[in-house]
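Engineer: Return a 3D structure for these sequence lines:
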Amino acid sequence: DSAEASPSVVFENIERCSPNCLKMLLENISGLTVDADFTVELIPEINVAVATFIKNIDTKEFVEKCSQHKRIREFNMTAWLLESTQSIKAENLPESISTDYLTVYFESVRNGGGPVSDVQLFPEENSAIITFCDHTGNS
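Structural biologist: Numbers count the residues shown, from 1 in each chain. Just a heads-up that it's a prediction; the model follows:
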């Protein structure tokens, strides 16, 4: 039980629920307050929203509550824990961006980052793959 559950929950099929409605719905289910206790990021291109909990809650239990909630079912939404990953892709980067800048940016705790092990720049796509250190192996 050493693996912690992700603080982020993905909601799929959000098109029938407005952003404000979704935030209120998540407040009702969690008993928490949007912005103070959790954030909601909408990704309309793929019909998804991601709720990230700032306050420490049992996200597995929250997902279970969501799957049984009447309104979530009426909207045909599904919820699941966002898997943790060691790599992310950053897109739409300025042409002049450097690997050093990206490393420092993504290591910033204020930006939600952590120790970076590698940055691969793809200038032709204005993107980069940032790989973080594996915290479980470090002491």
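
Engineer: mean confidence for the longest helix anywhere in the chain?
Structural biologist: Counting residues, the longest helix found in the chain (DSSP state H) is helix 19-30. Mean pLDDT, computed over helix 19-30, is 97.

Engineer: Roughly how far does Tyr105 sit from Glu91?
Structural biologist: For Tyr105, the distance to Glu91 equals 14 Å [C-beta to C-beta, to the nearest Å]. No exception for glycine: its C-beta is placed from N, CA and C like everyone else's.

Engineer: higher neighbour count, the two?
Structural biologist: With neighbours defined as other C-beta atoms under 10 Å, Tyr105 and Glu91 compare such that Tyr105 has more, 15 against 9.

Engineer: Surely the more buried one touches Gly113?
Structural biologist: Yes - taking contacts as C-beta atoms under 8 Å, Tyr105 lies within contact range of Gly113: 7.2 Å.

Engineer: Outline the domain layout of this structure.
Structural biologist: 8-81, 87-132 (the TED database).

Engineer: Only alpha carbons, please: show the next helix or strand after the longest helix of the chain as CSV.
Structural biologist: Per DSSP states H and E, the first helix or strand lying C-terminal to helix 19-30 is strand 38-43. Output of strand 38-43 as CSV, limited to C-alpha atoms (Å, rounded to 0.1, in the frame of the first residue of the first chain):
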residue,chain,number,x,y,z
PHE,A,38,-9.2,21.3,-6.0
THR,A,39,-8.8,22.7,-9.6
VAL,A,40,-10.6,21.7,-12.8
GLU,A,41,-8.9,21.8,-16.1
LEU,A,42,-11.1,21.4,-19.2
ILE,A,43,-9.8,19.8,-22.3
